[in-house]
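In: Test case, fold it:
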Amino acid sequence: MDLVGIIGAWIGMWLRRRRHWEQETKGVRMGWFRKTAKDYLEEGTQHSMRGEYGRAIKALSKALEVDPQNAVAYMHRGIAFLNSGQAEKALQDFGASLRLEQNALCYYNAHGSASFPILSR
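Out: Here you go, the predicted structure:
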């Protein structure tokens, strides 16, 4: 094998590894670091705990862009919506979390909490 063949094989191997890594992380590119849905979920939860509901909603929405099947992110974003006075959006997110995780009792509780302000109008 000549030098060109060796370099070509090495580049091919590197590209396959990179493609595999990108599929595994499902992250959003930020320079050389990719944030995962878990990173955004933790960030959103911290904002929500500090009462920064707008920032929490933004971070949790990014988590759902990365992983649209993340029931916990829907749940936390629903809580942020509910605490910011957006009960209709909270109800939609709690419904999405219920569709993804039907056996989680806390999702049913949250769905009921979001329904109360809407029904009491």
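
In: Just list the residues touching E43, thanks.
Out: When contacts are counted by C-beta atoms under 8 Å, 6 or more residues apart in numbering, E43 touches A59. (C-beta placed from N, C-alpha, C; glycine too.)

In: where in this structure is pLDDT low?
Out: For the chain, the stretches with pLDDT under 70 are 1-6, 8-33, 104-121.

In: tell me the secondary structure for R34?
Out: Under DSSP: H, G, I helix; E, B strand; the rest coil, R34 falls in the strand class.

In: and it, how many neighbours does it have?
Out: For R34, the count of nearby residues is 15 (other C-beta atoms under 10 Å).

In: Who is it paired with across the strands?
Out: Note on R34: beta-bridge partners by DSSP bridges are R29.

In: quick one: which helix or strand includes K62?
Out: Under the criterion of DSSP states H and E, K62 resides in helix 53-66.

In: helices or strands up against that helix?
Out: Judged by 3 or more C-beta pairs under 8 Å, 6 or more residues apart in numbering; DSSP states H and E, helix 53-66 is in contact with strand 28-30, helix 37-49, helix 71-83.

In: okay if I get the ones you listed as TSV plus distance to K89?
Out: Shown next, in TSV, are the helices and strands packed on helix 53-66 (distance: least, C-beta to C-beta, whole Å):
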stretch	distance to K89
strand 28-30	22
helix 37-49	14
helix 71-83	4
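
In: Among these, show me which one is buried the most.
Out: helix 71-83 (a mean of 23; mean count of other C-beta atoms under 10 Å).

In: helices and strands around that one, which ones?
Out: helix 37-49, helix 53-66, helix 87-100, helix 105-119.

In: tell me the contacts of D39?
Out: A63.

In: oh, I was asking about A56
Out: Counting by C-beta under 8 Å, 6+ apart, the residues that A56 touches are 44-45, 47-48, 76-77, 80.

In: cool, and L41?
Out: So L41 contacts 59-60, 63, 70, 72-73, 76 (C-beta under 8 Å, 6+ apart).

In: Could you check how far it is from G85?
Out: According to C-beta to C-beta, to the nearest Å, L41 and G85 sit 22 Å apart.
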